[in-house]
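Peer 1: give me a model of this one.
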Amino acid sequence: MTTIRNNGPLMAEIGRIAEVAGYLWTNGWAERNGGNISVNLTGLLTSEEMVLPALALATPLQEAMTALGGHVFYVTGTGKRMRYVAQDPFANGALIRIAPDGKSYEVIAEQLVAPTSELPSHLLMHNYLRSSGRDNRVVLHTHPTELIGMTHCKPFLDSKVLTRTLWSMIPECRIIVPKGVGIVPYETPGTIELAHATIRQLEKHDVVFWEKHGILAVGEDLIECFDAIDTLSKSSKIYLSARMAGFEPTGMTDQQLDDLVPAFGL
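Peer 2: Model (predicted):
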């Protein structure tokens, strides 16, 4: 009998998912069942694991994910808490396989856990990224308190303003998030409209803010996606700490930010 728990590289990736889920919870970014994670695991599965039997009938997708046909993803479950994903990722998430035509998916391991309600959004982003030739296996969505707070301030709904403010608080932010951040005006969570609006921002950015809702990062590595959000969060805390102390932080100058580009190959 084929069991995915004998696959060392796969289990290591599942371990990283559990690790990041724990970080999201301990940072206060994952209230109740807030946030979700999806990771393309296709390259880590053996040929036998790729054809594991489905645990239930296939579920149709709202749009065909033609670039994802046959791919397998780990996705956190609907209604599942990140604190429990950290403890037991298989009881709080599932491996799903996209049909060859991209029109449906089926749960193949380990338990019959329904994927996050934002699965269509995640898959649309994965489909766009793969169609664009970007090897971004990860979509991470979470709710960092201070970053969401900044989206309640109208001037920060301008991508250039928000990027410049966050970059200028600490050099590492310019280095770790070199493409800056995109902004999506408020959309109802979990909708296809939100997904399409996010995809438009992913044309230029790897990190996207959802107004009054949260933040999303895409990339090749889940830890790197977390680190990008964590660094932005640190910048927001520096900015808001200065404001709470009664002054507007000066931030780094344009020249100081520009000097980072050749120094770090940005």
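
Peer 1: list the contacts of the nearest residue to G219 once chain neighbours are set aside.
Peer 2: The shortest distance from G219 to any non-neighbouring residue, by Cβ to Cβ, 6 or more residues apart in numbering, is to C225 (4.6 Å). No exception for glycine: its C-beta is placed from N, CA and C like everyone else's. Residues in contact with C225 (Cβ atoms under 8 Å, 6 or more residues apart in numbering) are V138, L140, A217, V218, G219.

Peer 1: helix, strand or coil: sort out F73 for me.
Peer 2: Three-state call for F73 (DSSP: H, G, I helix; E, B strand; the rest coil): strand.

Peer 1: and it, how many neighbours?
Peer 2: F73 has 25 neighbouring residues, counting by other Cβ atoms under 10 Å.

Peer 1: that one and V107: what is the separation?
Peer 2: 11 Å (Cβ to Cβ, to the nearest Å).

Peer 1: common neighbours of those two, please.
Peer 2: In contact with both F73 and V107: L95, I96, using Cβ under 8 Å, 6+ apart.

Peer 1: that older thread, next step: the contacts of C225 restricted to strands.
Peer 2: Mapping the contacts of C225 onto strands (DSSP state E) picks out V138, L140, A217, V218, G219.

Peer 1: in a markdown table, list those residues along with neighbour count.
Peer 2: A markdown table is the format used below for those (neighbours: other Cβ atoms under 10 Å):
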| residue | neighbour count |
| --- | --- |
| V138 | 24 |
| L140 | 26 |
| A217 | 25 |
| V218 | 25 |
| G219 | 21 |
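
Peer 1: of these, closest to A30?
Peer 2: Nearest to A30 out of these is L140 (Cβ to Cβ; 11.1 Å).

Peer 1: what sits closest to R81 if chain neighbours are left out?
Peer 2: N33 (5.5 Å).

Peer 1: the one you found contacts Y84, doesn't it?
Peer 2: No: N33 lies out of contact with Y84 (Cβ atoms under 8 Å); the separation is 9.4 Å.

Peer 1: pull out the buried residues from the longest helix along the chain.
Peer 2: Assignment by DSSP state H gives helix 222-244 as the longest helix of the chain. Under the neighbour-count criterion of 16 or more other Cβ atoms under 10 Å, helix 222-244 has 222, 225-240 buried.

Peer 1: strands along the stretch 51-200 of the chain, start to end?
Peer 2: When assigned using DSSP state E, counting those that start in this stretch, the strands of the stretch 51-200 of the chain occupy the ranges 59-60, 72-76, 93-98, 104-109, 138-142, 181-184.

Peer 1: so what's G22 up against?
Peer 2: Each residue near G22 by Cβ under 8 Å, 6+ apart is listed here: M82, R83, A86.

Peer 1: check what pLDDT the first one gets.
Peer 2: Reading off the per-residue confidence, M82 sits at a pLDDT of 97.

Peer 1: what distance do you get for it to E146?
Peer 2: Per Cβ to Cβ, M82 is found 18 Å from E146.

Peer 1: which one of the two is surrounded by more residues?
Peer 2: M82 (28 against 17).

Peer 1: surely that one and A30 touch.
Peer 2: Yes: with contact defined as Cβ under 8 Å, M82 reaches A30; the gap is 3.7 Å.

Peer 1: what's the burial count for M11?
Peer 2: 14.

Peer 1: can you check L112 too?
Peer 2: Neighbourhood size, L112 [other Cβ under 10 Å]: 11.

Peer 1: on that earlier part again, what's the closest of the contacts of G22 to L266?
Peer 2: Distances from L266 to the contacts of G22, taken by Cβ to Cβ, are shortest for M82, at 31.4 Å.

Peer 1: contacting residues around the closest one?
Peer 2: Counted by Cβ under 8 Å, 6+ apart, M82 has contacts A21, G22, L24, W25, A30, N33, G34, G35, T76.

Peer 1: roughly how far apart are it and E187?
Peer 2: The spacing between M82 and E187, counted by Cβ to Cβ, is 22 Å.

Peer 1: show me the helices in the stretch 51-200 of the chain, by range?
Peer 2: 82-87, 119-131, 145-150, 159-167, 171-176, 192-202 (DSSP state H, counting those that start in this stretch).
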